[in-house]
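take this sequence and fold it.
(chains A and B)
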Number of protein chains: 2
Amino acid sequence: MQESRKKKCTIRFEPSGLKIDVPVGTVLLEAAHKAGAYLNSICGGDGYCGKCKVIINEGQFQGKPTTLLTADEMRENVALACQTKILSDITVTVPKSHALETSQIIMDSDAHRFSKLAGEVRAGIFPFDPLVHKIYVEMSPPTVHDHTADHERLYLAIREQIDAPIMQTGFRILQKLPRLLQKGGYKATVTVGRRGQTTEVIEVESGNHSKKNYAVAVDLGTTTVVAHLMDLTQANTLDTEATYNSQINFGEDYIRRIIYAEQNDAFDEMQNRIVNDVNNLIVTLAARQGIDLHDITTVICAGNTAMVHFLLNLDSTRIRREPYIASASFVPPIRAAEAGIQINKRGLLYCLPSVAAYVGSDIVAGVLTTRLFTNKGISLLVDIGTNGEVVLGNREWLVCASSSAGPAFEGSGVKQGMRARAGAIEKLTFRDDGSTDYKTIGDAPPVGICGSGLLDTLAALLTSGIIDRTGRFAVDGQPRLTEGDEGRQFQLVPAGNGHHEIIITQADIDNLIRSKAGVFASIRVLMESTQTAAEDLDAVYLAGGFGNFLNVQRAVTIGMLPDVPVEKIQFVGNTSIAGAKTVLLSEKALETAEEIAKSMTYFDLMSHPGYMDEFTRANFLPHTDLSLFPSAGAVKREV
Amino acid sequence: MQESRKKKCTIRFEPSGLKIDVPVGTVLLEAAHKAGAYLNSICGGDGYCGKCKVIINEGQFQGKPTTLLTADEMRENVALACQTKILSDITVTVPKSHALETSQIIMDSDAHRFSKLAGEVRAGIFPFDPLVHKIYVEMSPPTVHDHTADHERLYLAIREQIDAPIMQTGFRILQKLPRLLQKGGYKATVTVGRRGQTTEVIEVESGNHSKKNYAVAVDLGTTTVVAHLMDLTQANTLDTEATYNSQINFGEDYIRRIIYAEQNDAFDEMQNRIVNDVNNLIVTLAARQGIDLHDITTVICAGNTAMVHFLLNLDSTRIRREPYIASASFVPPIRAAEAGIQINKRGLLYCLPSVAAYVGSDIVAGVLTTRLFTNKGISLLVDIGTNGEVVLGNREWLVCASSSAGPAFEGSGVKQGMRARAGAIEKLTFRDDGSTDYKTIGDAPPVGICGSGLLDTLAALLTSGIIDRTGRFAVDGQPRLTEGDEGRQFQLVPAGNGHHEIIITQADIDNLIRSKAGVFASIRVLMESTQTAAEDLDAVYLAGGFGNFLNVQRAVTIGMLPDVPVEKIQFVGNTSIAGAKTVLLSEKALETAEEIAKSMTYFDLMSHPGYMDEFTRANFLPHTDLSLFPSAGAVKREV
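Predicted coordinates for the structure are as follows:
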């Protein structure tokens, strides 16, 4: 018994060649985590999402019974990694579907939107006054007639250039300051950063390095982490990069990840993952632009509350269970190194403030970016990501809620759903002859369907009558409608040159409807509670990683957004990073973000009496109550 | 050559039994430092103070020629440790005169003065509002209807009890906060401290520990380090303790110590010494009062600028050479642990602000304590220590200067001079028959003479005509006036039961006159510059470690203080620690101290055109210009 417990076997992952030795009986998914082999997993290892399929090439293993593998798959030794125990040395092939294609995600497609939206500072909405300044100061050296101490001499010089009534210097800087000033002839570059009301001297260097002041803005997405490298002296974006959030092995949504971390005592690991992701992005950006990490003085992060908690290793367990609270909504600036982020050793890490456990700083950034808080008229912001967050309000009031309807529009829970990357169908309509017209990202052969494509698909199926208002397939005898492993499915694109067929299943459609119903029910609760009618809405902003060619009208067609004239709806892309960048460049924007976070009233939908009713009523296309969607008929005619 | 360089020999110090192995050729004083054997040394090893005498019991050594050893001493193998190289294994006796008698210094004798002077807070001059508070907060735990995050919940609770508009929490506290609150049912003790305008959450603990909030006030003297343990909840002093500054091995004044540290790359060692002294005091006080070091949340230090620089290991080299500046006059509060001070790991260390390289925070504390800055009339503060600092002013202006006339009144440069400890003559007059009436500290057999005794001696010698106004002995044929090793000397006390004779030499008298002349010249420069006449002075405060029974009139008699009516002169003892304690207990007092430090105008006497003249004129008893001392005749009659 003792001996067998100690017995090890070697697992080799193909095509990466990664290897690891683990005790006999280890679960394959766990071994993959340890080996650093990337495997999709939505359910966090519970065996019901079916995303962690791998092929066992050779070796002994033991799987649990599952309905998620077809007979064919079982014959071909396909296994669910999370349900498979290893009994001997083994070789595993990780199918391509698990592969990371980070160079093609979101980023490119969103770049043009950012350039429009992150221009708040340039547009003069907020003054250019970055959170961290580098100031070149030339002081007259002390003489017997001017005996001001070095420390106070430096403060005087700083205050000649910036407004800094309250200043602070760290002990290590104080210790090195005198020799540094003497060596450099009292010419120095001072890095000063805002920490609350205090201006902290972060770094002092001999000579003039004031032009080398860089920062990184990060959107901590549950699925994707996006980073923008900024030049703080010029207020412009030098480069952008993105990567998948490597916590994804622990569950595709953050609730799963919290559960996983609790069960496996893996909060440190969870932090390591996201910190490594951020560090990798920073290093990549710095290397590409030939910038020394020492000259990156600031990192600013926006993200949902759980992601910020993971990053800082704050207790996130009560985000997922009663009383559903955060450990901190307003995180004070800390030294980035304290969280393990590798920029200047004394550089600062800012996290934008959040509102509640389910309305994070990404949403505050969204409100900042879309300027809901300055408009006299009422606007609606809907951010579709792993969750669907909704904000309603104007310059006098702001209410918000979060729908946990699931990440169907991010491709999860949809058989051929995928994120907005190369090969994803991002645009889809049916031609008059019923055939499918589509466009993929990068014009690559179709691999799956991303958010905008799924919206299009659902709208097209509805308006063409292929599905009815309950979402059921309504066209018996259609040759493209077949019976698959998971029930009925509709062929959108036949298999072709170098690609499989693209289908959508009844289960996919049900998931998408539930997801949009959750979002719309949230919107309804906020509108009802504030007695806002659809015609009161001046603007509707739709944010999220949908893809390039989002047809916002489709969001009305399927009943995800209220029925307002299409010209009032604007797709705004990733407002999280846009807001983070604005704050980075303007202290006033940080203050505004804090005011926004404080002033937003959070509606907890789980305890809201009307929500479940609204949700049930929204589980129709577009809605049970057609009077809410007067344009539904018109759209049908358009298609 | 190589071999001989490596050859080691063992030194044994008696009676301590301390041993150390050092290379052949090592200087004995250096070896004593390394072994931790305490040896007096004023000159820092330059071979001219003669304080480091030891007796070599056995072994080979090589000494340099010196006039500081008598023929008898050389015969008895007495050696100057700083001028002696060790050539073999050796045993050394350290004479008793080097021994530390820390339990009897200053502290006791000053205790009653502190109790009078540190009462600023109780007297309502400053509101009781300590720099560090411990607050017990009972929060309602979060519910689904109250989703405020832990961090903001804590802030709300703190703000119910204290005024804290700007708050900050360290990252480690933020990380541990959620679990701590949950575990403790949202009942917690919060330690908050002022860092500039910001209130920092220093510590959070479950349960109510708000009554355990202790602090230590420290006077960092060049010679003596005094510490008072305070209960911050009661605003009272629990205990006091003092020790010699163990840097004293490196030179008795701080200029010598800076030189030593520069020459021997010993700034780290210099810091270690003073930090160890402070830690020893803290540990002693805590142990004696049964207090956990964890519950000591604050240390506040006042001292001369060099001592504060040593404590924090800030560059002190320019204090001693042009341009004679400090590295920092206003030291921001830091975590005590950063400087190596062992209290609560996150507890704060405050250093009071200083004015200039030669006017330190001890003087600012003195101004705070004596309230020069609030009086309408002009007052004078004279602090006699290793240096003599002088402050003149009122509520509208403050000027200050430092005389580097040397620590004669602390007993240095005086053959039988000593600090105010057991056996020191602290009071002395001549009876009508010419015999000496004296009192020693602790009524012990006389060992030497401390500050107040030296003042008395000089005054008595003058008024009895034994010395003339130049300080020369003027009574040929007096049997008590003899020729000693160092010229003429006067017997104050004949040898008696268990004690040697007590004498004063011509060189001693010259040193004391130079010292008082430096102080008075400083006073004159400040008074002349501000057109203040002696009759304009409302009050004269004399501070320093003189002894218990200082007759302030004597300070006028010898011409150290201006000739004002005796009722205007007050001996105020150690105002440095009194000021530090006041600040500790009242944030308003800290603000006031900062205002004082900012508003004081420093006169650099070295570059002042009139100073040398004033010094020369003051090298008489009481002064060259007798019109400045109209009471001189009256005093003579009194005696």
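
measure the most centrally placed residue in chain A to residue B:272 for me?
Nearest to the geometric centre of chain A sits residue A:221, at 1.9 Å (Cα atoms, centre = their mean). Per Cβ to Cβ, to the nearest Å, residue A:221 is found 50 Å from residue B:272. Bear in mind the C-beta positions are built from the backbone N, C-alpha and C, glycine included.

residue A:403: what's it in contact with?
Shown in contact with residue A:403 (Cβ atoms under 8 Å, 6 or more residues apart in numbering or on different chains): A:387, A:388, A:389, A:390, A:518, A:519, A:521, A:522, A:605.

the residues you listed in strands, which ones?
Filtering these for membership in strands, criterion DSSP state E, returns A:388, A:389, A:390.

of those residues, closest to residue B:341?
For those, the minimum distance to residue B:341 (Cβ to Cβ) is 47.9 Å, reached by residue A:389.

partner residues bridging the closest one?
According to DSSP bridges, the residues that bridge with residue A:389 are residue A:383, residue A:402.

sorry, back to before: contacting residues around the residue nearest to the centre of chain A?
Shown in contact with residue A:221 (Cβ under 8 Å, 6+ apart): A:245, A:303, A:307, A:362, A:385, A:386, A:545, A:576.

tell me which helix or strand comes right after whichever strand or helix holds the last one.
Here residue A:576 sits within helix A:575-585, counting by DSSP states H and E. Scanning forward in sequence from helix A:575-585, with DSSP H and E defining helices and strands, the next element found is helix A:587-599.

how about the helix or strand just after that next one as CSV, C-alpha atoms only?
Counting by DSSP H and E, the next helix or strand C-terminal to helix A:587-599 is strand A:600-603. C-alpha atoms of strand A:600-603 as CSV (Å, rounded to 0.1, in the frame of the first residue of the first chain):
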residue,chain,number,x,y,z
MET,A,600,-23.7,53.7,-8.0
THR,A,601,-26.5,51.9,-6.3
TYR,A,602,-26.2,48.1,-6.6
PHE,A,603,-29.3,45.9,-7.1
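
what is the distance between the next helix or strand after strand A:600-603 and the centre of its chain?
With elements assigned by DSSP H and E, the helix or strand that comes after strand A:600-603 is helix A:611-618. Remark: helix A:611-618 is offset 27 Å from the chain centroid, using Cα atoms, centre = their mean, to the nearest Å.

so what secondary structure elements neighbour helix A:611-618?
Judged by 3 or more Cβ pairs under 8 Å, 6 or more residues apart in numbering or on different chains; DSSP states H and E, the packing partners of helix A:611-618 are helix A:506-529.

average pLDDT for the helix it packs on?
The average pLDDT for helix A:506-529 rounds to 96.

run the angle between it and helix A:611-618 for me.
Using axes from the mean of the first three to the mean of the last three Cα atoms, to 10 degrees, one finds that helix A:506-529 and helix A:611-618 are set 130 degrees apart in direction.

please look at residue A:28 and residue A:87 and confirm they touch.
No - taking contacts as Cβ atoms under 8 Å, residue A:28 lies outside contact range of residue A:87: 10.8 Å.

okay, and the common contacts of the two?
Common contacts of residue A:28 and residue A:87, defined by Cβ under 8 Å, 6+ apart, comprise residue A:61.

which one's more surrounded, the two?
Taking other Cβ atoms under 10 Å in any protein chain shown, residue A:28 and residue A:87 do not tie; residue A:28 has more neighbours (27 against 15).

any idea how far chain B is from the more buried one?
33 Å (Cβ to the nearest Cβ, to the nearest Å).

what are the phi and psi angles of that residue?
Main-chain dihedrals, residue A:28, degrees, to the nearest 10: phi -60, psi -40.

residue contacts, it?
Residue A:28 neighbours (Cβ under 8 Å, 6+ apart): A:11, A:54, A:61, A:79, A:81, A:82, A:84, A:85, A:86, A:92.

hey, which helix or strand in chain A has the poorest pLDDT?
Within chain A, no helix or strand scores below helix A:107-117, which has a mean of 40 by mean pLDDT, DSSP states H and E.

pairing partners for the helix or strand that it is followed by, with directions?
Going down the chain from helix A:107-117, the next helix or strand is strand A:132-138, by DSSP H and E. Next to strand A:132-138 in the sheet, as set by DSSP bridges, lie strand A:187-195 (antiparallel).

residue A:157 touches residue A:139, doesn't it?
Yes - Residue A:157 lies in contact with residue A:139 (Cβ under 8 Å); the separation is 4.9 Å.
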